[in-house]
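*Asks:* Based on what follows, work out the 3D shape:
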Amino acid sequence: MGIQSVVVYSEADAHSLPVHLADEAICIGPANSRDSYLNIPAIISAALISGAQAIHPGYGFLSENADFSEVCKEHGLVFIGPPPEVLARFHDKSATRAAMKRAGLPVIPGSEGPVKTASEALRIAEEIGYPVMLKARSGGGGRGMRKAESAKDLQRLWEQARAEAKASFGDDGIYLERNLEGVRHIEAQILVDDTGEGICMGERECSIQRRNQKMLEEAPSISINEELRRRIKRYAVDAAKRFGYRGVGTFEFLVDAAGDPYFIEVNARIQVEHTVTEAVTGIDLVKEQIALAAGEPLSFSEEQIYVNGHAIECRINAEDPDNSFAPSTGTLTTWLPPAGPGIRLDTHCFQGYEVPPFYDSLLAKVIAWGRNRPEAVARMQRALDEFTVVGVTTNIDAHKKILASELFKTGQVTTHLIDTVGIEALTA
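*Replies:* Reported below is the predicted structural model:
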């Protein structure tokens, strides 16, 4: 697009690939995210010093923070994302849930808003029935989320969820939902321009998760039929227009065994797994996101979107699946990523890179495209076989086992399958 880039980084990320690739790089503080990636004055100062015109907030940290978007606006900077009033509307996921319920979208039974105390949480949990999910109202990526099977569990997990939410998003607000078993996670990718014209670029299947964090995503989903696909798309686009959404975003749903969808949240940002949508549509979503933030209209209509083939993304994390997915740190003494037809790799790593202990354990995203799902799976299996990482423990072997399982091949995975039976059991 001909746009020069300035990257901000913490001291822990001084030697990461984005710092090397950017036109300019500015350190904004020490490793602790509160002092760097959540430090709004430091980020704004870096933007003003460098002469930047816009800020892209990435996937996490301040990407859905209305205050940050407002401060950008006050300093003449374009926030590449929804405007402050839209972010404020969707920031509180419990309030969003209530608004969508009023708008006629099906939602999971739960609290009417954030829960202030553990005793209030216990009362609500008794009303809606166990098991329940504790969710961060400002959350995403599974952060601040806990499953409570009983009142004893809830009391034990309450402070854990609040502390993680506070550390990840600067907000310890928690709400409750009944936990639905045997569900699939389906999300709809939407784009809305400044005129209010909105489209959906299809859905993604994100059911393979561990501890409520996604491991593998696909587009399109093979677990839903065309009628449900159209229904979810219409729910997403109509709600986005009704509530004044702007930019790129994702409406997320759970689908139960009966095929009934339930709205769960809006992610008012680009998603980690946006890559599979790009792979099957040929449309660069980040490019569209930047154009929409610049006030340009949508460059295509929904009728012009053609889903071609099938795409899978595997998130390669520095973690030990045999040890409850515990994070792994160290220096990448060997880093040999895959390539070849239909393979894309998004990463900040390189040989010699030191994996820090401070942030999310994601090392790379491997995306495989094929003319159909079997070809995409075969290409991904070959890519994972090629991917060689020495220096930290990764989940590459876990992905291989998932891809080889009959449940995955037949599209019968659910969100809690790995946490319930374990990866080894999938291939038994």
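*Asks:* And the helices in the stretch 151-300 of the chain?
*Replies:* Secondary structure of the stretch 151-300 of the chain (DSSP state H, counting those that start in this stretch): helices located at 151-169, 226-242, 274-281, 285-293.
*Asks:* elements contacting the shortest one?
*Replies:* If I follow you right, that is helix 274-281. Under the contact criterion of 3 or more CB pairs under 8 Å, 6 or more residues apart in numbering; DSSP states H and E, helix 274-281 touches strand 198-210, strand 213-219, helix 285-293, strand 310-317, strand 343-347, strand 362-370. From N, CA and C alone the C-beta is placed, and that goes for glycine too.
*Asks:* Now mean pLDDT, mean neighbour count and distance to residue 408 too, for these, in CSV please.
*Replies:* Converted to CSV, these look like this (pLDDT from 0 to 100; neighbours: other CB atoms under 10 Å; distance: least, CB to CB, whole Å):
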stretch, mean pLDDT, mean neighbour count, distance to residue 408
strand 198-210, 96, 23, 7
strand 213-219, 96, 24, 8
helix 285-293, 97, 19, 25
strand 310-317, 98, 25, 10
strand 343-347, 97, 16, 19
strand 362-370, 98, 23, 14
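*Asks:* and residue 396, which of the ones you listed is closest to it?
*Replies:* Residue 396 sits nearest to strand 310-317 of all those, at 6.2 Å, using CB to CB.
*Asks:* Counting by contacts, list what the closest one packs against.
*Replies:* Of the remaining helices and strands, those touching strand 310-317 by 3+ CB pairs under 8 Å, 6+ apart are strand 213-219, helix 274-281, strand 362-370, helix 373-386, helix 396-404.
*Asks:* could these be laid out in TSV, adding distance to residue 70?
*Replies:* What follows is the helices and strands packed on strand 310-317, written out as TSV (distance: least, CB to CB, whole Å):
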stretch	distance to residue 70
strand 213-219	29
helix 274-281	25
strand 362-370	29
helix 373-386	41
helix 396-404	40
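*Asks:* Let's have the helices of the stretch 151-300 of the chain in CSV, adding distance to residue 96.
*Replies:* Formatted as CSV, these follow (distance: least, CB to CB, whole Å):
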stretch, distance to residue 96
helix 151-169, 15
helix 226-242, 10
helix 274-281, 20
helix 285-293, 20
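*Asks:* most tightly surrounded among those?
*Replies:* Using mean count of other CB atoms under 10 Å, the stretch among the helices of the stretch 151-300 of the chain with the greatest mean number of neighbours is helix 274-281 (a mean of 23).
*Asks:* Show residues contacting it.
*Replies:* Residues from elsewhere that reach helix 274-281 (CB atoms under 8 Å, 6 or more residues apart in numbering): 189, 201-202, 204, 217-220, 248, 283-286, 305-313, 344, 346, 365, 367, 369.
*Asks:* mind running it again at 6 Å?
*Replies:* When contacts are defined by CB atoms under 6 Å, 6 or more residues apart in numbering, helix 274-281 is touched by residues 189, 201, 204, 217, 219, 285, 305, 307-309, 311, 313, 367, 369.
*Asks:* ok, residue 265 to residue 236 distance?
*Replies:* Computed with CB to CB, to the nearest Å, the distance linking residue 265 and residue 236 is 12 Å.
*Asks:* right, so of the helices and strands packed on strand 310-317, which gets closest to residue 34?
*Replies:* In this view, those are compared for proximity to residue 34 by CB to CB, and strand 362-370 is the closest at 20.2 Å.
*Asks:* How far away from the center of its chain is the closest one?
*Replies:* In terms of CA atoms, centre = their mean, to the nearest Å, the gap separating the centre of strand 362-370 from the centre of its chain is 14 Å.
*Asks:* Show me where the stretch 101-250 of the chain dips below the pLDDT cut-off.
*Replies:* Under the criterion of pLDDT under 70, the regions of the stretch 101-250 of the chain flagged as low confidence span 140-141.
*Asks:* Recalculate using a threshold of 90.
*Replies:* Segments of the stretch 101-250 of the chain classed as low confidence (criterion: pLDDT under 90) are 102, 109-114, 137-145, 165-171, 173, 179-182, 210-213.
*Asks:* TSV for the helices and strands packed on helix 274-281, including distance to residue 18?
*Replies:* Output for the helices and strands packed on helix 274-281, formatted as TSV (distance: least, CB to CB, whole Å):
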stretch	distance to residue 18
strand 198-210	25
strand 213-219	22
helix 285-293	14
strand 310-317	17
strand 343-347	10
strand 362-370	13
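*Asks:* looking at those, which is closest to residue 24?
*Replies:* Closest approach to residue 24 among those is made by helix 285-293 (17.7 Å; CB to CB).
*Asks:* Tell me the gap between that closest one and the middle of its chain.
*Replies:* Once both centres are worked out by CA atoms, centre = their mean, helix 285-293 turns out to sit 18 Å from its chain's centre.
*Asks:* Let me know the angle separating that helix from helix 274-281.
*Replies:* Using axes from the mean of the first three to the mean of the last three CA atoms, to 10 degrees, one finds that helix 285-293 and helix 274-281 are set 100 degrees apart in direction.
*Asks:* helices or strands up against helix 285-293?
*Replies:* Taking 3 or more CB pairs under 6 Å, 6 or more residues apart in numbering; DSSP states H and E as contact, there are no helices or strands that helix 285-293 lies on.
*Asks:* ok, and what's touching that helix?
*Replies:* For helix 285-293, contacts defined as CB under 6 Å, 6+ apart pick out 78, 80, 193, 247-248, 270, 274, 278.
*Asks:* Run the angle between it and strand 198-210 for me.
*Replies:* In terms of direction (the same axes, to 10 degrees), helix 285-293 departs from strand 198-210 by 140 degrees.
*Asks:* C-alpha coordinates for helix 285-293, PDB please?
*Replies:* Only the C-alpha atoms of helix 285-293 are listed here, as PDB (Å, rounded to 0.1, in the frame of the first residue of the first chain):
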ATOM      1  CA  LEU A 285      -8.300  -8.300   5.300                       C
ATOM      2  CA  VAL A 286      -5.700  -6.100   6.900                       C
ATOM      3  CA  LYS A 287      -5.500  -4.100   3.700                       C
ATOM      4  CA  GLU A 288      -9.300  -3.700   3.800                       C
ATOM      5  CA  GLN A 289      -9.100  -2.800   7.500                       C
ATOM      6  CA  ILE A 290      -6.700   0.000   6.800                       C
ATOM      7  CA  ALA A 291      -8.700   1.300   3.800                       C
ATOM      8  CA  LEU A 292     -11.900   1.300   5.900                       C
ATOM      9  CA  ALA A 293     -10.100   3.200   8.700                       C
END
